[in-house]
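Novice: The following block contains a protein sequence and its predicted model.
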Amino acid sequence: MSVDAGALDERVQHLLSRFGAAACGAELVYDGDLCGHITAAARIWNPDRTRVLQVWSAKNERWQLPGAHGESDLDLEKIARREARRALGLSIDAEPDGSEVAEVNVKEIAEYWNTPAHVHLEIVFEFQSEERAELPRGARWFDVAETW
């Protein structure tokens, strides 16, 4: 992972140091009062940074940044890049420009079904791409004012 760990939320640092790649899997890891997992997301800007690409999540019933669990892969930048390509409808060898950690989004997830309450730590990487008229189903460009 090419992320400066010093710039990350202390909970991310703790989970990575304690559990390594397992903290990036789809399952939860537990340590004392901390229960959660780490994911990667892609914020894809158009060149003038006035629009951002989001994808529809049927699970969450809302538009959100494309992202995924690491499936026990510590290379969160690679995961975010893969999700950016999918959202843009790019082939595997095409790349969106840029890649830098923008932020760590912390989402408190309430208990549901047989899953305990936990923290979802999303590492957001930023990319840039020309606005593509043809996007995969479920992807859409939004004006920045619509996303925050």
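Specialist: Thanks, I have the structure now.
Novice: contacts, neighbours, all on C-alpha from now
Specialist: Fine.
Novice: show me where pLDDT drops low in this protein?
Specialist: Across the chain, the ranges flagged by pLDDT under 70 are 1-8, 72, 91-95, 97-99, 148.
Novice: remind me, longest helix of it?
Specialist: helix 76-88 (DSSP state H).
Novice: Pull the contacting residues for D31.
Specialist: Applying CA atoms under 8 Å, 6 or more residues apart in numbering to D31 gives no contacts.
Novice: Tell me the spacing between it and T115.
Specialist: As defined by CA to CA, to the nearest Å, D31 lies at a distance of 16 Å from T115.
Novice: next one: A145
Specialist: 34 Å.
Novice: what are the ranges of the strands in the chain?
Specialist: 29-31, 34-45, 51-57, 62-64, 67-69, 97-109, 118-128, 139-143 (DSSP state E).
Novice: Neighbouring strands of the first one in the sheet, and parallel or not?
Specialist: Okay, so that is strand 29-31. strand 34-45 (antiparallel) (DSSP bridges).
Novice: who's the most centrally placed residue in the chain bridged to?
Specialist: In the chain, the residue lying closest to the centroid (CA atoms, centre = their mean) is A41, at 1.6 Å. Taking DSSP bridges as the rule, A41 bridges to G67, V124.
Novice: so it sits right up against Q64, yeah?
Specialist: No: contact criterion CA atoms under 8 Å: A41 and Q64 do not qualify, at 9.4 Å.
Novice: Quick check: the gap between the residue located most distally from the centre of the chain and A21.
Specialist: Distance from the C-alpha centroid of the chain peaks at G32, with 25.1 Å (CA atoms, centre = their mean). Taking CA to CA as the measure, G32 falls 19 Å from A21.
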